[in-house]
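K.L.:
Mind looking at a prediction? Sequence and model below.
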Amino acid sequence: MTTAASPGSAVVPAVSQPHALACLRALGRRGVHTVAVCEEPDTHAFSSRYCNERIVVPSPADDLVEYKDVLLSLASRSDVRTIVPMREADTYVLSKFRSEFEDHLVPLWPRFEPLRTVQDRLRLVEAAAEAEVPVPRTSRLDETGEWDRRQVVKARYSILTDDYVSSDRPERYASENAVRFLEPGTEPAADEIREEMGHVPIVQEYVPGDEYALWALYDRGEPVATVGKRQVRARSYAGGTSIYRETVHIPRLAELGRALLDHLDWHGFASVQFKRDAATDEFTLLEINPRTWVSLSCPVRADIDFPYYYWQLANGVPARVESDYEAGIGTHNLAGEAMYLRSVLRDDNPFVEAPSFGAALREISSSLYSQPNCEYLTIDDPGPFARMALNTLASKARIG
């Protein structure tokens, strides 16, 4: 599909995740000139036919301010109309330095206070409770005294910068997304965990069930488009980053996700993550990703073109959602499916029982047959998949 688009360019940070590639393809098929930026010169996204410019930039993990300066220099170009946030660091930079970027671009990301609430999981739980969205019992690790139920330890902040934690290198940031599962009666080594994470993390009650999300694009507190998602498989059989997911229509999921984003007066992209309790069928909030989501190709495949709606807003055009979407549309990450199988064979989780390897293999085969949609491999744009294969072979050769 190629349609006429407003003149100008869109900057897409080409992280080594499939959503950057999905964004480049979605915009490119609409005729938008794309500028891909990445700290990895051999990233697969640079090989896409829909990548018009390729710019190697500093890693935000090494120097966040220098990374911001590069994005700002791109924003000042007369042809650049927008920057699409692909990761937490992108949204953080665009939001924290909003006044600098809005001299050149229409800001399509949240103001810093709402972002701070989303990136601080304690504040997010409080905001969700105010919006009457169910939340798990949550507290700081150093304020938790009950260890007789199933709980998890996770980072309080989704991104560590000097706005959230003290640092001797304010230009750097880190991200800690590991989850530690605590069986009843297990008290964690708090000092060791604090030292490892670089701050005091949180403890949350464990919520059993499947993972769901509401994908959303908001314009100054109003929803432009939302799509429901069910996570079918993740990199681990116990959950985590999605590697096969399907679109769903669940009114309660949409109601809760929108209630929280409305309460935050949200602006820009968001993925509101939930667990659906297996016993009660109720949704409980996990977190919000304030950016595009890893599985961006899925709603685009279902004819909800989030990148193009974002492009329309950036050009001052009211975004037009072209159609309702079909439930049951799924997309795969083939490398992720291999990671899932390896997890089934090797991992041991105290809260989730692993399926048999045979059952897992049959499940993957069945979904590939019914929904043969892959994130990296497409007929019209095979370059990124080939680049990934070459990168993998080169990496194995170096290790060997």
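P.N.:
Sure, I can see it.

K.L.:
ranges for the helices of the stretch 1-150 of the chain?
P.N.:
18-29, 64-75, 88-96, 98-101, 112-119, 121-130 (DSSP state H, counting those that start in this stretch).

K.L.:
any idea of the angle the third one forms with helix 112-119?
P.N.:
For helix 88-96 and helix 112-119, the angle between their directions (axes from the mean of the first three to the mean of the last three Cα atoms, to 10 degrees) works out to 160 degrees.

K.L.:
ranges for the strands of the stretch 251-400 of the chain?
P.N.:
Using DSSP state E, counting those that start in this stretch, the strands of the stretch 251-400 of the chain run over residues 268-276, 283-289, 330-332.

K.L.:
Adding distance to residue 60, mean neighbour count and mean pLDDT, write those out as JSON lines.
P.N.:
Where C-beta positions appear, they are placed from N, C-alpha and C, glycine not excepted. Shown next, in JSON lines, are those (distance: least, Cβ to Cβ, whole Å; neighbours: other Cβ atoms under 10 Å; pLDDT from 0 to 100):
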{"stretch": "strand 268-276", "distance to residue 60": "18", "mean neighbour count": "24", "mean pLDDT": "97"}
{"stretch": "strand 283-289", "distance to residue 60": "16", "mean neighbour count": "22", "mean pLDDT": "97"}
{"stretch": "strand 330-332", "distance to residue 60": "27", "mean neighbour count": "24", "mean pLDDT": "96"}
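
K.L.:
Let's have these in CSV, adding distance to residue 111.
P.N.:
Below are the strands of the stretch 251-400 of the chain laid out as CSV (distance: least, Cβ to Cβ, whole Å):
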stretch, distance to residue 111
strand 268-276, 10
strand 283-289, 15
strand 330-332, 32
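
K.L.:
of all those, which lies closest to residue 7?
P.N.:
Closest to residue 7 of those is strand 268-276 (Cβ to Cβ; 22.9 Å).

K.L.:
Would you give the sheet partners of the closest one, along with the direction of each?
P.N.:
Taking DSSP bridges as the criterion, strand 268-276 forms sheet pairs with strand 210-219 (antiparallel), strand 283-289 (antiparallel).

K.L.:
could you dump those to TSV with distance to residue 355?
P.N.:
Converted to TSV, these look like this (distance: least, Cβ to Cβ, whole Å):
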stretch	distance to residue 355
strand 210-219	14
strand 283-289	22
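
K.L.:
Relative to residue 64, which of those is closest?
P.N.:
Closest approach to residue 64 among these is made by strand 283-289 (18.7 Å; Cβ to Cβ).

K.L.:
And that closest one, how far out from the chain middle?
P.N.:
12 Å (Cα atoms, centre = their mean, to the nearest Å).

K.L.:
And stretch 10-27, by the same measure?
P.N.:
12 Å.

K.L.:
could you dump that stretch to CSV, C-alpha only?
P.N.:
Output of stretch 10-27 as CSV, limited to C-alpha atoms (Å, rounded to 0.1, in the frame of the first residue of the first chain):
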residue,chain,number,x,y,z
ALA,A,10,10.2,11.3,9.9
VAL,A,11,13.1,10.3,12.2
VAL,A,12,12.9,6.8,13.5
PRO,A,13,15.5,5.6,16.1
ALA,A,14,16.4,2.2,14.6
VAL,A,15,16.9,0.2,17.7
SER,A,16,17.5,-3.5,17.2
GLN,A,17,13.9,-4.4,17.9
PRO,A,18,11.2,-5.1,15.4
HIS,A,19,9.0,-2.0,16.1
ALA,A,20,11.5,0.3,14.5
LEU,A,21,11.4,-1.7,11.3
ALA,A,22,7.6,-1.9,11.5
CYS,A,23,7.5,1.9,11.8
LEU,A,24,9.9,2.4,8.8
ARG,A,25,7.8,0.1,6.7
ALA,A,26,4.5,1.6,7.6
LEU,A,27,5.6,5.1,6.9
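
K.L.:
Buried by neighbour count: which residues of that stretch qualify?
P.N.:
Residues of stretch 10-27 classed as buried under the neighbour-count rule (16 or more other Cβ atoms under 10 Å) are 10-15, 17-27.

K.L.:
Stretch 379-388 too?
P.N.:
For stretch 379-388, the neighbour count (16+ other Cβ under 10 Å) marks 381, 383-385, 387-388 as buried.

K.L.:
Now for the closest residue to residue 330 other than its chain neighbours: which residues touch it?
P.N.:
Nearest residue to residue 330, sequence neighbours excluded (Cβ to Cβ, 6 or more residues apart in numbering): residue 371, at 3.7 Å. By Cβ atoms under 8 Å, 6 or more residues apart in numbering, the contact list for residue 371 reads 246, 328-332.

K.L.:
First-to-last residue distance for stretch 136-146?
P.N.:
Using Cα to Cα, to the nearest Å, one end of stretch 136-146 lies 15 Å from the other.

K.L.:
Farthest-apart pair in the contacts of residue 371, please.
P.N.:
Of all pairs drawn from the contacts of residue 371, the one with the longest distance (Cβ to Cβ) is 328 and 332, at 14.0 Å.

K.L.:
what sits against residue 228?
P.N.:
By Cβ under 8 Å, 6+ apart, the contact set of residue 228 is 212-215, 247-250, 253-254, 327.

K.L.:
Walk me through which strands the helix or strand encompassing it pairs with, and which way each runs.
P.N.:
Take DSSP states H and E as the rule and residue 228 turns out to sit in strand 222-236. Strand 222-236 pairs in its sheet with strand 210-219 (antiparallel), strand 239-248 (antiparallel), by DSSP bridges.

K.L.:
For the last one, what does the pLDDT average out to?
P.N.:
Think strand 239-248. The average pLDDT for strand 239-248 rounds to 94.

K.L.:
ok and it relative to helix 18-29, angle-wise?
P.N.:
Strand 239-248 runs at 40 degrees relative to helix 18-29, counting by the same axes, to 10 degrees.

K.L.:
centre of the chain versus strand 239-248, how much separation?
P.N.:
From the chain centre to the centre of strand 239-248 is a distance of 11 Å (Cα atoms, centre = their mean).

K.L.:
And stretch 20-36, by the same measure?
P.N.:
Distance of stretch 20-36 from the chain centroid (Cα atoms, centre = their mean) equals 18 Å.

K.L.:
can you start the count at 93 instead of 1 from here on
P.N.:
OK, 93 is where the count begins now, so the last one is stretch 112-128.
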